[in-house]
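Novice: here is my input, please return the structure:
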Amino acid sequence: STSSLKPLTQTDSRSSKQNITDNLPPCWPAPLTSHQHLPCLAPMAPTAAESRLPLVAIVLATFASTLLLTPVAANQDVDALSALRRGLQDPNGELKNWDPNLVDACTWSHITCDRNKNRVTRIDLNKMNLSGPLAPELGKLDRLQYLEIDHNRLTGPIPRELAGLSNLKHADFSNNNLCGPIPTTGAFQRIPRSSFANNPRLGRKC
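Specialist: Next up, the predicted model:
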């Protein structure tokens, strides 16, 4: 007998196309529809260079933040020394190049900075005939190691803010006209009593 062929219905056609679609590789961002004929590309794994991009971005951001913070700290030093300068009388013009508009104080006379971050580490103002008070803002010079201001005509108290200078190794306040208590805490624990000598009013009320 002759076998009869069953006509392909629309439902069977959709089912057949669906089976073909189901066997295609996964696509991104969406799978192909039954009406699409372009080849479907499977997602590719990131290359080694691409996987390193987030790390590179973090390193660059850290470096940039360091560059931004350093000028801010250097300006802090400028502000502190400018406050000192405003209160002093300088008859010999020793501080005439202390320009508060500069980014840092490293080009100022009698000022020494470290080489890496342009922070003030040393002040040498001894024997300059300076008069006036010491500014409390000197306590912001957190990299200061040496403070030489002896043999002048400085007046007023020794700012207590200087006790917080953890890097201060040596300071000489001798041979001035300072008054008030002699600090003994913090950084002053490393300063010998001889550094306060020949201040007739030191230890007395100002």
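
Novice: all contacts plus neighbour counts: C-alpha atoms, from now on.
Specialist: OK.

Novice: show me what stretch 134-145 is in contact with.
Specialist: With contacts defined as Cα atoms under 8 Å, 6 or more residues apart in numbering, stretch 134-145 is touched by 76-77, 79-81, 83-84, 87, 119-123, 154-170.

Novice: which residues of the protein score low on pLDDT?
Specialist: Along the chain, the parts satisfying pLDDT under 70 run over 1-71.

Novice: now the strands for it?
Specialist: Applying DSSP state E to the chain gives strands spanning 111-113, 120-124, 131-133, 146-148, 153-156, 170-172, 177-178.

Novice: right, so these: which one is the most enclosed?
Specialist: Ranked by mean neighbour count, those are led by strand 177-178 with a mean of 24 (mean count of other Cα atoms under 10 Å).

Novice: neighbouring contacts of that one?
Specialist: R153, L154, T155, G156, P157, I158, N198, N199, P200, R201, L202.

Novice: where along this protein do the helices fall?
Specialist: Assigned by DSSP state H, the chain shows helices spanning 10-22, 48-87.

Novice: if we can go back for a sec, Provide a ChimeraX selection command restricted to the buried entries of the contacts of stretch 134-145.
Specialist: Buried residues within the contacts of stretch 134-145, by 16 or more other Cα atoms under 10 Å, are selected in ChimeraX with:
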select :76,77,79,80,81,83,84,119,120,121,122,123,154,155,156,157,158,159,160,161,162,163,164,165,168,170
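
Novice: could you measure from S131 over to R153?
Specialist: From S131 across to R153, the span is 5 Å (Cα to Cα, to the nearest Å).

Novice: my error: substitute C113 in the last question.
Specialist: For C113, the distance to R153 - Cα to Cα - is 26 Å.

Novice: same thing with N101?
Specialist: N101 is 27 Å from R153, by Cα to Cα.

Novice: thought P181 was touching R204?
Specialist: Yes. P181 is within contact range of R204, at 6.5 Å (criterion: Cα atoms under 8 Å).

Novice: more crowded one of these two?
Specialist: P181 (16 against 12; other Cα atoms under 10 Å).

Novice: enumerate every residue touching that one.
Specialist: Contacts of P181 (Cα under 8 Å, 6+ apart): P157, I158, L202, G203, R204, K205.

Novice: how near is the nearest residue to A197 once chain neighbours are set aside to C206?
Specialist: Nearest non-adjacent residue to A197, counting by Cα to Cα, 6 or more residues apart in numbering: S174, 4.8 Å away. If you measure S174 against C206 using Cα to Cα, the figure is 17 Å.

Novice: neighbour count: those two, which is higher?
Specialist: Neighbour count, other Cα under 10 Å: between S174 and C206, S174 has more, with 22 against 12.

Novice: the more buried one contacts I191, doesn't it?
Specialist: No. Taking contacts as Cα under 8 Å, S174 lies outside contact range of I191: 11.7 Å.

Novice: got the contact list for C179?
Specialist: When contacts are counted by Cα under 8 Å, 6+ apart, C179 touches T155, G156, P157, I158, N199, P200, R201, L202, G203, R204, K205, C206.

Novice: so what's the backbone phi/psi at it?
Specialist: Main-chain dihedrals, C179, degrees, to the nearest 10: phi -140, psi 180.
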